[in-house]
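Novice: just to be clear, the model below is a prediction. Sequence and coordinates:
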Amino acid sequence: MLAFDPMKKITLFILAVAALSACGQTLANESTSVETAATVSLDGEDLEFSGADVEQLSLATLEFQAEATAATAGVEGETTETVPTEAELAATRPTALTLQIYSSIINQLFDDAGLELEGELLETVNSRIQEIQFQTDTEFEEFINDPNEFVQTTIGLQQRLLALGTIEEVSDIEATCISHVLRSYTQEEQADPNFVEDEADQERFQQEAEEARQRIIDGELFEDVAQEISVDTVSAANGGALGCIPTDQVSTTLVPEFAEVALASEIGEISEVFESQFGFHFLVVNEDEEGIAELQAAEADNIVSMRLQTVLQGATVEVDESIGTWNPQTLQVDPPVQEAPPLEFEDNTAPPALEE
């Protein structure tokens, strides 16, 4: 896990990006940048983005990345004033402008939905972001050091803000939340070049599954038994939980034998042992309000993402060539195309000297 908690700083940075795009104020020295960085035309309305604001956001981005890098290195709080180079700013401007374009449109979608990011909604947003992002040091380092990862993740978080605000648009989801125990060959055994299935092993696996099921019926916790003996290591680490699946997708998501048992089971009922292509299982269908809420949040994310893409695909975006070009496929600003230096050739027109 991270040695420090970056989430408050990240959330504040994202909100600052959104506020900058909303107010459209000129916050940087205009002499350092072009007057108009980009114009976005959509639905008969033109949105202008000043070069000064792009410069300000580029500087803020570099400052944020430097502080976050210092914090991960264990030197948080040390003040070292560094002036970004022109090369660093040039590399950051396309992502800064992309962020501003997305943030501005997301702000408009917020307004259209009659939402204000404050009070209970802001608290919900902050807590959810802390739950879903940056589980490892590596993920966070990629976020702060890779410009593309930085812009994509930040835009994704802003979309999530809007999704959390519009989640009521998602109709109630009927879901089936499942935990299971699997007895079969381990992944290591199957990876052995000399691996051969044995019928006697299948009988053993079925017997082990039956014994594990009986332990739970006799009072042991499902989670403990799953962690101890299930060879599905991913779900076993979560106490056997496979998560929640929309009920109307169970038959198409799970193998037939598993889907049939899951759909026929009552909540809290430990199923009989059954066989699938993966081995011998038993399962239980759980009540999982948090898992269903995650499904609803994912659906809200999808709705917002599609809405945002539709708006951008219908927009005309003109970007100052000194900053970059708008890419209609990726829907973001690409860096300026660097002209290759002219090729230089040696003058080989003279004939080679003859050897004497």
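Specialist: That came in fine, so what should we check first? Remember, predicted model here, so these are calculated numbers, not experimental data.
Novice: just the terminal-to-terminal distance for stretch 183-191.
Specialist: The stretch stretch 183-191 measures 17 Å between its terminal residues, going by Cα to Cα, to the nearest Å.
Novice: quick one, helices of this protein?
Specialist: With helices called from DSSP state H, the chain shows them at 7-23, 51-72, 86-112, 119-132, 137-145, 147-165, 187-191, 199-217, 222-229, 233-236, 250-253, 256-264, 289-313.
Novice: any chance of those in TSV, with mean pLDDT, distance to Asp43 and mean neighbour count too?
Specialist: Placement of C-beta: from N, CA and C, glycine included. Shown next, in TSV, are the helices of the chain (pLDDT from 0 to 100; distance: least, Cβ to Cβ, whole Å; neighbours: other Cβ atoms under 10 Å):
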stretch	mean pLDDT	distance to Asp43	mean neighbour count
helix 7-23	51	18	17
helix 51-72	77	22	20
helix 86-112	84	10	20
helix 119-132	65	26	14
helix 137-145	59	33	16
helix 147-165	69	18	20
helix 187-191	87	53	10
helix 199-217	94	58	15
helix 222-229	96	52	18
helix 233-236	93	45	15
helix 250-253	94	38	14
helix 256-264	95	45	16
helix 289-313	85	8	16
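Novice: with distance to Val319 added, can I get the ones you listed in TSV?
Specialist: As requested, the helices of the chain are arranged in TSV below (distance: least, Cβ to Cβ, whole Å):
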stretch	distance to Val319
helix 7-23	16
helix 51-72	10
helix 86-112	7
helix 119-132	30
helix 137-145	25
helix 147-165	15
helix 187-191	49
helix 199-217	60
helix 222-229	53
helix 233-236	43
helix 250-253	42
helix 256-264	49
helix 289-313	13
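Novice: closest to Ser179 out of the ones you listed?
Specialist: helix 222-229 (6.0 Å; Cβ to Cβ).
Novice: so what touches the closest one?
Specialist: 179-181, 183, 208, 212, 215-216, 235-237, 239-240, 270, 284 (Cβ atoms under 8 Å, 6 or more residues apart in numbering).
Novice: re earlier: to Asp172, which of the helices of the chain lies closest?
Specialist: Nearest of the helices of the chain (Cβ to Cβ): helix 289-313, 8.1 Å.
Novice: which helices and strands does that closest one pack with?
Specialist: helix 86-112, helix 147-165, strand 175-183, strand 241-246 (3 or more Cβ pairs under 8 Å, 6 or more residues apart in numbering; DSSP states H and E).
Novice: if we use 6 Å, what do you get?
Specialist: In terms of contacts (3 or more Cβ pairs under 6 Å, 6 or more residues apart in numbering; DSSP states H and E), helix 289-313 is packed against helix 147-165, strand 175-183, strand 241-246.
Novice: what's the second one packed up against?
Specialist: Helices and strands touching strand 175-183, by 3+ Cβ pairs under 6 Å, 6+ apart, are helix 199-217, strand 241-246, strand 279-286, helix 289-313.
Novice: wait, what's in contact with Arg215?
Specialist: Counting by Cβ atoms under 6 Å, 6 or more residues apart in numbering, Arg215 touches Val225.
Novice: now it: how far from Val225?
Specialist: 6 Å (Cβ to Cβ, to the nearest Å).
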